[in-house]
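Colleague: coordinates only, sequence not included:
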């Protein structure tokens, strides 16, 4: 089970390295590396969907001969036994456990937990790392200095000649402030989200 859980991350690292080597000779592959998360999520979506449809297991689990089975537990009470007028043998269990294949709903949930949630978690991890680096830089260089990427070269002076360009600059500035606030909220909440997802996975 541990090897099956570590296989997707190992596969992604090997695939990223291979694409990086190929990009040295084929520059257009850099476009794939720019959208690495989306490309890998799409690849895993195809692999996991096909594997769950054919083998009732994830891609990594099927390589190790593992299968997913739905467990249906039916409890037989005394009222049910007397109503059906059946006499159970002495060695028959009161609770009947039946192992069946995965249903369609369970396969969809498996794809969500195997592909969709890891994709969003990688995006949140990226935003969290960027915000943490920005906080570290601000603590080192001071809060008053603006970073190179946040400087507004065209707005803030109030001496622009065209009112249309100034309104566009104000809209872009407001958009950047909103995005920055969202990133700060994600950075504050991500450790709790990560801990909750790891607990659910366990």
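Modeller: Yes, it's here. If you're wondering where the values come from, they're calculated on a predicted model, not measured in any experiment. Residues are numbered from 1 along each chain as shown.
Colleague: Tell me where this protein has strands.
Modeller: With strands called from DSSP state E, the chain shows them at 70-75, 95-100.
Colleague: Let me see the ranges of the helices in the protein.
Modeller: In the chain, the helices defined using DSSP state H lie at 2-22, 30-34, 36-55, 59-63, 78-84, 104-111, 117-141, 163-201.
Colleague: mind putting those helices in CSV, mean neighbour count and distance to residue 69 included?
Modeller: Yep, even glycine has a C-beta here, placed from its N, CA and C like the rest. Formatted as CSV, the helices of the chain follow (neighbours: other CB atoms under 10 Å; distance: least, CB to CB, whole Å):
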stretch, mean neighbour count, distance to residue 69
helix 2-22, 13, 15
helix 30-34, 12, 37
helix 36-55, 16, 12
helix 59-63, 20, 12
helix 78-84, 10, 25
helix 104-111, 14, 10
helix 117-141, 14, 22
helix 163-201, 12, 19
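Colleague: Comparing those by mean pLDDT, which bottoms out?
Modeller: Ranked by mean pLDDT, these bottom out at helix 78-84, with a mean of 50.
Colleague: Quickly note the distance from the most centrally placed residue in the chain to residue 111.
Modeller: Centroid check for the chain by CA atoms, centre = their mean gives residue 118 as the closest residue, at 2.2 Å. Look at residue 118 and residue 111: by CB to CB, to the nearest Å, they are 11 Å apart.
Colleague: just residue 126 next, same as before
Modeller: From residue 126 to residue 111 the distance is 22 Å (CB to CB).
Colleague: and if you look at residue 33?
Modeller: Taking CB to CB, one finds residue 33 at 25 Å from residue 111.
Colleague: between the helices of the chain, which gets nearest to residue 70?
Modeller: Evaluated with CB to CB, the helices of the chain place helix 104-111 nearest to residue 70, the distance being 6.1 Å.
Colleague: Let me know the angle separating the closest one from helix 117-141.
Modeller: Helix 104-111 and helix 117-141 meet at an angle of 30 degrees, taking axes from the mean of the first three to the mean of the last three CA atoms, to 10 degrees as the criterion.
Colleague: which outside residues touch helix 104-111?
Modeller: Helix 104-111 has contacts (CB atoms under 8 Å, 6 or more residues apart in numbering) with 45, 48-49, 52-53, 58, 68, 70, 102.
Colleague: Now flag whichever of these is closest to residue 134.
Modeller: Looking across the contacts of helix 104-111 and measuring by CB to CB, the closest to residue 134 is residue 45, at 31.9 Å.
Colleague: Find the nearest non-adjacent residue to the closest one, please.
Modeller: residue 115 (4.9 Å; CB to CB, 6 or more residues apart in numbering).
Colleague: With residue 7 instead?
Modeller: residue 60 (3.9 Å).
Colleague: Do I have it right that that neighbour meets residue 10?
Modeller: No. Assessed by CB atoms under 8 Å, residue 60 is found out of contact with residue 10, at 9.5 Å.
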